[in-house]
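Undergrad: Pasted the sequence and its predicted model underneath.
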Amino acid sequence: MIEAVGLTKRYGAKTAVYNLSFQVKPGTVTGFLGPNGSGKSTTMRMILGLDNPTSGQVTIGGYPYRRLPNAPRQVGALLDAKAVHGGRHARNHLLCLAQLSGIPARRVDEVLGVVGLQEVARKRSQGFSLGMGQRLGIAAALLGDPQVLLFDEPVNGLDPEGILWVRNLMKSLAAEGRTVFVSSHLMSEMALTADHLIVIGRGQLLADMSVRDFISHNSADFARVRTPDSEPQQREKLTAALTEAGGQVLSEPDGALRIMGLPLPRISELAHTTDVRLWELSPHQASLEEAYMRMTQGVVDYRSTVDAKAGLQQQLPPGAQPPVAMPVAGQGQPGWYAPPPPQQGGQPFAMPQAPAGPPQPNPYAAQPADAPAAAGAATTEMTKPDSEGPR
Ligand SMILES: Nc1ncnc2c1ncn2[C@@H]1O[C@H](COP(=O)(O)OP(=O)(O)OP(=O)(O)O)[C@@H](O)[C@H]1O
């Protein structure tokens with residue numbers, strides 16, 4: 001088991017991780033999520049003893065990594081697939097790692113087979129593609145047959161077959177009773193791979209719960225309704241009736257309607273009384289991606305803006321009105337993605353706070369002046385609230 005208690009890391013004035021407490025249990029795949037720059041890699045480096053916490057601690061099986069007896073046989077990690085001596089053959093790279101940890105050479109060939117790199121085992125890794133590099137990194141992590149495995153973005157650069165393979169690998173490692181901690185930005189993949197999630201934002205814990213609970217806590221169920229495509233007036237009539245009955249109606253990108261706040265039987269009844277034929281009426285739960293977007297909306301540091309193409313677009317002819325579009329689900333609608341209001345102290349979501357030694361000032365208590373103040377807040381440029389030292 002991995003256990004972090006009050007883990008904090010500062011780089012000069014920059015607080016990368018703040019008062020983080022969580023446990024990663026054996027027998028499950030635990031996903032580690034957070035927006036860019038939220039502190040995932042920093043946390044993983046502290047778990048692996050590559051960075052010292054400013055305060056707090058993190059242990060594996062009760063020991064800090066550096067005090068673990070024969071750590072490479074107990075913990076395997078893929079942090080940066082490019083951290084390889086490019087001039088070395090893939091097999092030699094693994095052989096060096098194996099020799100350093102007292103692992104027999106035959107294990108090298110085993111893991112090369114597991115990751116599918118047998119054919120290129122004697123090729124220099126500098127010629128490897130991104131995906132091949134990832135496979136080599138995963139082979140290195142598996143070398144000592146460890147009980148605890150950490151993977152930072154393991155599917156980065158992998159083809160669909162590779163992604164499926166990583167998914168099954170993670171699940172089978174966990175099914176063998178191992179502790180598997182994996183970060184990823186691919187929500188659809190995480191939804192299929194992880195059982196449990198730890199979500200951080202700006203270095204702080206936002207959620208520590210099962211994937212199922214995470215989705216149901218951070219999303220609203222909705223219904224999808226489709227009226228005949230050839231009769232837009234039916235869609236408009238139904239939209240008006242549903243809105244009048246208190247429903248929130250959004251347009252789905254495929255032309256269907258997404259309805260929140262009304263149960264399915266009521267929607268059916270309203271369609272009947274307004275004499276609108278339905279082609280579809282189905283219950284839905286939001287995806288992990290939607291739930292994640294909703295939760296992390298207020299803690300995203302880097303946000304792109306809409307390209308206004310200033311001065312490049314044709315002017316509308318005098319008197320012409322721009323077309324009025326119905327709001328589309330998930331596109332800049334605070335009502336749909338907005339997270340709950342921040343709790344006192346700047347914590348956007350109520351999470352139990354673990355005892356973390358002496359109280360420390362919360363660097364996030366005051367919003368940075370140039371950080372997005374609220375969900376849906378428009379930003380005018382790529383923003384980065386704090387200045388940082390070199391990485
Ligand atoms: N060595 C360092 N010196 C200074 N600042 C650092 C250093 N390492 C990380 N940081 C800063 O700490 C914050 C957290 O970075 P980290 O790489 O842990 O985030 P992350 O969640 O892994 O991001 P990503 O998803 O983009 O990989 C960032 O603001 C980063 O710039």
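TA: Yep, that arrived. Residues are numbered from 1 along each chain as shown.

Undergrad: For the rest of this, base every contact and every neighbour count on C-alpha atoms.
TA: Will do.

Undergrad: How many neighbouring residues does residue 302 have?
TA: Residue 302 is flanked by 17 other residues according to other CA atoms under 10 Å.

Undergrad: Let me know whether it touches residue 36 as I believe.
TA: Yes. Residue 302 is within contact range of residue 36, at 7.1 Å (criterion: CA atoms under 8 Å).

Undergrad: The residue lying closest to residue 183 once chain neighbours are set aside: helix or strand, and which one exactly?
TA: Closest residue to residue 183 apart from its sequence neighbours, by CA to CA, 6 or more residues apart in numbering: residue 32 at 4.4 Å. Under the criterion of DSSP states H and E, residue 32 resides in strand 29-33.

Undergrad: Whichever helix or strand comes after that strand to strand 29-33, inter-axis angle?
TA: For strand 29-33, the following helix or strand on the C-terminal side (DSSP H and E) is helix 40-47. Angle of helix 40-47 versus strand 29-33, following axes from the mean of the first three to the mean of the last three CA atoms, to 10 degrees, is 130 degrees.

Undergrad: And the average pLDDT for helix 40-47 is what?
TA: Mean per-residue pLDDT for helix 40-47: 96.

Undergrad: So which elements touch it?
TA: Here helix 40-47 touches strand 14-24, strand 55-60, strand 148-152, going by 3 or more CA pairs under 8 Å, 6 or more residues apart in numbering; DSSP states H and E.

Undergrad: How about the secondary structure of residue 177?
TA: Classification of residue 177 using DSSP: H, G, I helix; E, B strand; the rest coil returns coil.

Undergrad: out of everything not next to it in sequence, what's closest to it?
TA: Excluding its sequence neighbours, the residue lying closest to residue 177 (CA to CA, 6+ apart) is residue 27, at 4.1 Å.

Undergrad: now that neighbour: how far from residue 195?
TA: 10 Å (CA to CA, to the nearest Å).

Undergrad: Please apply the same query to residue 94.
TA: Residue 94 is 30 Å from residue 195, where distance means CA to CA.

Undergrad: re the thing from before, looking at the helices and strands packed on helix 40-47, spot the one closest to residue 222.
TA: Closest of those to residue 222 is strand 14-24, at 31.9 Å (criterion: CA to CA).

Undergrad: That closest one relative to strand 29-33, how many degrees between them?
TA: Going by the same axes, to 10 degrees, strand 14-24 makes 160 degrees with strand 29-33.

Undergrad: Any part of strand 14-24 near the ligand?
TA: Yes. If you take CA under 6 Å from any ligand atom as the test, strand 14-24 does meet the ligand, through residue 16.

Undergrad: Now that strand: average pLDDT?
TA: 96.

Undergrad: How about stretch 189-200?
TA: In the prediction, stretch 189-200 has an average pLDDT of 94.

Undergrad: Poorly predicted segments of this structure, please.
TA: Residue ranges of the chain with pLDDT under 70: 81-87, 321-391.

Undergrad: Go again with 80.
TA: Applying pLDDT under 80 to the chain flags the ranges 80-88, 124-127, 219-220, 286, 298-299, 302-391.

Undergrad: which residues of it fall in strands?
TA: 2-11, 14-24, 29-33, 55-60, 75-78, 148-152, 179-183, 196-201, 204-210, 222-226, 248-251, 257-260, 280-284 (DSSP state E).

Undergrad: With distance to residue 103 added, can I get the ones you listed in TSV?
TA: Shown next, in TSV, are these (distance: least, CA to CA, whole Å):
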stretch	distance to residue 103
strand 2-11	24
strand 14-24	26
strand 29-33	26
strand 55-60	21
strand 75-78	13
strand 148-152	17
strand 179-183	21
strand 196-201	32
strand 204-210	35
strand 222-226	53
strand 248-251	58
strand 257-260	56
strand 280-284	50
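
Undergrad: now stretch 44-51: how far from the chain's centre is it?
TA: Computed by CA atoms, centre = their mean, to the nearest Å, the chain-centroid distance of stretch 44-51 equals 20 Å.

Undergrad: Okay, domains of this protein per the record?
TA: 2-216, 219-289 (the TED database).

Undergrad: With respect to residue 314, which of those lies nearest?
TA: Smallest distance to residue 314 across these (CA to CA): 25.4 Å, for domain 219-289.

Undergrad: how far out from the middle of the chain is that closest one?
TA: For domain 219-289 - counting by CA atoms, centre = their mean - the centre lies 30 Å from the chain centre.

Undergrad: okay, how far is it across it, tip to tip?
TA: For domain 219-289, the first-to-last residue distance is 10 Å (CA to CA).
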